[in-house]
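Q: The following comprises the amino acid sequence and a computationally predicted model.
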Amino acid sequence: MSAIVEPIFLVSNASLVSRLEFAQEFALARATMDPECGSLAQRQGGGLCVYGGSRSPHNIALNFGLTINLSEELGQAEAFYWPRLSPFQLELSPQAPLDAYALLESRRYRRRGEICLWGLPLDEQNELIIRGEGEAWPAGREQASVWVRVLEAAFGVEFDQTHTFDAYAQMPSTRLFLALMEGRAAGAAGMFVFKRTALFFAAGVIPRYRKQGLHLELLKTRIEAARSLGCDFALAETAIDSPAISNLRALGFEPLGQLVRYAR
């Protein structure tokens with residue numbers, strides 16, 4: 001059994017709820033696009049079991065570990081995913097006790113990584129003077145196909161068989177953003193708005209246009225858009241070693257904690 005260390009979190013309930021709402025809206029958008037894929041989001045305990053279809057990156061039980069009977073909560077998650085014959089991950093809640101980690105370890109689940117959460121209060125009108133090359137702007141729904149193609153190229157997916165990006169583009173609470181370089185769409189990003197929280201997601205730049213500040217411009221444009229919509233907090237998530245972290249720090253984002261994921 002690996003060593004278990006209790007994590008420290010500064011993330012608010014509003015931020016956690018916005019992530020659950022994002023996942024629920026994604027599952028609905030995916031199901032609307034393709035009813036046969038079986039996409040579904042189902043409340044379990046204090047969290048949410050999400051199934052976005054076969055091999056979807058969103059097949060995750062979010063906010064696991066909040067109930068008194070942890071074994072029963074795990075059994076409910078397994079009963080949700082196992083009949084679908086799909087690999088899935090369990091993402092532990094920031095409030096999950098150490099017993100939840102120990103239970104997963106004892107059931108032969110293994111730690112698969114961490115998601116880092118970053119936050120930026122938007123009530124302070126700090127001047128965003130750092131600039132990269134190129135420019136970024138909000139994109140309309142009529143540009144959704146361009147947005148999807150840019151992200152597929154940025155993430156190295158010639159044809160996304162999970163249709164994840166297509167579902168993102170159809171979510172009603174999502175705003176789309178594109179970045180331009182040399183007269184071409186070179187980067188793309190999304191922003192999900194729930195109440196007064198803006199969740200930044202799916203930022204990508206086509207490889208040949210990287211290291212020219214487009215990711216930074218996409219961040220700045222989304223910050224400005226979130227403020228204009230009345231949001232008072234921006235939330236972003238990254239892998240531990242993501243190159244996006246330097247840009248987040250440069251614009252004032254602070255680390256809120258890490259969400260641990262387990263899988264078999």
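A: Structure's in. What do you need? Numbers count the residues shown, from 1 in each chain.

Q: hey, where'd the strands end up in this protein?
A: 40-44, 47-51, 60-64, 89-92, 110-121, 135-139, 174-181, 184-194, 197-205, 233-239, 254-263 (DSSP state E).

Q: ranking the ones you listed by burial, who's on top?
A: Sort the strands of the chain by mean neighbour count, taking mean count of other C-beta atoms under 10 Å, and strand 60-64 sits at the top with a mean of 26. For glycine as for every other residue, the C-beta is placed from the backbone atoms N, C-alpha and C.

Q: can you list contacts of that one?
A: 16, 19-20, 23, 44-50, 73-74, 77, 80-81, 88-93, 96, 100, 261 (C-beta atoms under 8 Å, 6 or more residues apart in numbering).

Q: so Arg222 makes contact with Leu235?
A: No. Counting by C-beta atoms under 8 Å, Arg222 does not reach Leu235; the two are 11.1 Å apart.

Q: so what's in contact with those two at the same time?
A: Common neighbours of Arg222 and Leu235 (C-beta under 8 Å, 6+ apart) are 198, 200.

Q: what about stretch 36-47, how long is it end to end?
A: With C-alpha to C-alpha, to the nearest Å as the measure, stretch 36-47 spans 25 Å from end to end.

Q: and for it, what are the contacting residues?
A: Under C-beta under 8 Å, 6+ apart, the answer for stretch 36-47 is 20, 23-24, 26-28, 30-31, 48-54, 56, 61-67, 73, 76-77, 80, 84, 93, 163.

Q: so of those residues, which ones are in helices?
A: Using DSSP state H, the subset of the contacts of stretch 36-47 located in helices is 20, 23-24, 26-28, 30-31, 73, 76-77, 80.

Q: Which one of these is nearest to Arg112?
A: Of all these, Ala77 has the smallest distance to Arg112: 14.9 Å, by C-beta to C-beta.

Q: what's near enough to touch that closest one?
A: 44, 49, 61, 64, 88, 90.

Q: can you check Ala188 too?
A: Contacts of Ala188 by C-beta under 8 Å, 6+ apart are 139, 147, 150-151, 154, 176-179, 202-204, 218.

Q: how does this protein divide into domains?
A: Listed by automatic domain parsing, the domain ranges of the chain are 13-116, 121-256.

Q: Could you tell me the end-to-end distance of the shortest one?
A: Taking C-alpha to C-alpha, the first and last residues of domain 13-116 lie 16 Å apart.

Q: how far does it sit from the chain's center?
A: 13 Å (C-alpha atoms, centre = their mean, to the nearest Å).

Q: now do the longest one
A: On the basis of C-alpha atoms, centre = their mean, domain 121-256 sits 12 Å off its chain's mean C-alpha point.
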